Structures are given as C-alpha cells and as structure tokens.
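Chemist: only the shape, not the letters, is given here:
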C-alpha cells in the first residue's frame, strides 16, 4: 500500500504569492491582515481597500520581478512610499475588478555619494526626505524641497505627486529638482535591450549596413539616442511650463 499525502487546493492567488515570494523573499511578502492594515489605509483614514499582499522589493531587479509576476496574474499594482498622501492615491481601491498588490518602496533606500561638482545625488525612491536632507547636508548642500512629513515622505512619492512644500516659492516644485525623467531612462533601456534581441533573432542584421554604417550603430545613432534626447527636452519644457504656470498663479493679485 502506498499513502497519498493530503493537500489543500490552491487558492486563486496562491500562484501569484509564490511568484512574489520568489522575487523578494518570503519575509517581504506581507499577507497577514493585521500587518497589511497600515498599508491599506490612507493617512486621512478616508480611503481603504484590500490587497492580496504588500510586497517590499529592495532593488530594481526585484521591482521588475514583482511587476512581471503581477502582470502574469492580472493583478493591479499600487506603488506606495511613506503613505503620507491625502487623496487616496497610494492605497488599494475599495472596489476592484481583480487582485491588488501594494508595492512598498520603503526598502529602496540607496544613497549614492553626492556629486559635489555637479551638485547632484542619486537616491532610491524609498529614501525619506529627512534622510536625503541629511545626506546632502553632509556634503555642504541643502535639498530644495521641505515638508512637515519629512521623516516619512519618500522621494518617489514626492516625485509622483510633484510635491511643493514650504520652500516652493524659492526653489520650485519637486520635479524641478530632477535632472532626467525616468521615462528617458526607460526609453533608452528598452532601445538598448531590444537591439541585441533583434541581432539574435535576425542574424542577417549583424552584417547589414547602410551607406557603410553597420545596422546596430545606425539604430543607436538614428533612433535610440535622438529619441531619448528629444524626450528629455520635452520633459524639461513641460517642467518649465508647469513652474511658470505655478508662479503666475502665486503672483496673480
């Protein structure tokens, strides 16, 4: 005789949860209702929804893995920083057509050294405003945006909402502090990633040339880099227009 181990049937979201645990580690996929509660409720307590899980990635690769897992399962992703917003944008919807996953950025807290010559610094989206201010101050700089919720508000959330704060008239809105749009980086990444894929799937393109210029260099020079440059210029002009509109509203009688 041989025994057969009994097992409970898989729930509708078990496969998604397994993929999320594989992406970020079991300890960073929160499914307990009591633990999820603070992530599912808006700071004002006016909005609340239910998530299948709260996921806390710690790197770009883990974020990508979470997005792919949610896309495969048809789950909505709710990015969340410090959850200090006042309009319900960082919590799950009360009524949703499918499963919802809160992607918390709180572990994305890398702080790269301040580039003193350029006056720039690269930080993770989960870095709090207070941490960024202290990091900049250690190199003799001050960050242009300040909020009362500086100890919990995150850089990613401030960019998403284009936060103003108490120094907005002097230094402008949050997006005015950015040097390059994430969209530009995304476009360039997609372009650079697609090129080797094309070369692999269509080997003939490796030897293809136009006017003596090899196909890969032609794509980079004619499509990828110019598109990234034009997108960067468009983003900069949009930010400048927004700043101008804001200034006109503030200065109008």
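Modeler: Arrived safely, thanks for sending. Quick caveat, the model's predicted, so the values are computed rather than measured. Residues are numbered from 1 along each chain as shown.

Chemist: which residues of the stretch 151-253 of the chain score low on pLDDT?
Modeler: 179-202, 204-210, 212-225, 227-229, 231-233, 235-236, 238-240, 242-253 (pLDDT under 70).

Chemist: correction: the stretch 1-150 of the chain
Modeler: For the stretch 1-150 of the chain (pLDDT under 70), the answer is 1-10.

Chemist: what segments of the protein are strands?
Modeler: Ranges of strands in the chain, per DSSP state E, are 29-30, 53-55, 76-80, 100-104, 209-210, 213-214.

Chemist: what's the third one packed up against?
Modeler: The one in question is strand 76-80. When contacts are defined as 3 or more Cβ pairs under 8 Å, 6 or more residues apart in numbering; DSSP states H and E, strand 76-80 sits against helix 60-73, strand 100-104, helix 155-161. All C-beta spots, glycine's among them, are computed from the backbone N, C-alpha and C.

Chemist: give the pairing partners of the shortest one; include direction for each.
Modeler: Pointing back at strand 100-104 there. strand 53-55 (parallel), strand 76-80 (parallel) (DSSP bridges).

Chemist: what does that strand rub up against?
Modeler: Residues outside strand 100-104 that contact it (Cβ atoms under 8 Å, 6 or more residues apart in numbering): 16, 20, 36, 39-40, 49-57, 63, 66, 70, 75-81, 91-93, 126.

Chemist: and for stretch 29-44?
Modeler: Against stretch 29-44 from outside (Cβ under 8 Å, 6+ apart): 17, 20-21, 47-56, 80, 83-88, 90-92, 102, 104.

Chemist: residues of it that come out buried?
Modeler: Using 16 or more other Cβ atoms under 10 Å as the test for burial, stretch 29-44 gives 29-31, 36, 39-43.

Chemist: same deal with stretch 56-71?
Modeler: 56-58, 62-63, 65-66, 69-70.

Chemist: what's the most distant pair in the residues you listed?
Modeler: 58 and 70 (17.1 Å; Cβ to Cβ).

Chemist: how near is residue 12 to residue 166?
Modeler: Note on residue 12: its distance to residue 166, by Cβ to Cβ, to the nearest Å, is 47 Å.

Chemist: could you do residue 101 as well?
Modeler: Taken as Cβ to Cβ, the span from residue 101 to residue 166 is 34 Å.

Chemist: the helices in this protein, which residues?
Modeler: Taking DSSP state H as the criterion, the chain contains helices spanning 14-24, 33-40, 60-73, 129-137, 155-161, 168-171, 182-201, 215-219, 225-251.

Chemist: now do the third one: which elements does it pack against?
Modeler: Counting contacts by 3+ Cβ pairs under 8 Å, 6+ apart, helix 60-73 is packed against helix 14-24, strand 76-80, strand 100-104.

Chemist: next: the fourth one.
Modeler: Contacts of helix 129-137 with other secondary structure elements, assessed using 3+ Cβ pairs under 8 Å, 6+ apart, are made with helix 155-161.

Chemist: quick one: contacts of the helix it packs on?
Modeler: 79-82, 84-85, 89-90, 105, 108, 123-129, 132, 145, 147, 163, 174-175, 178.
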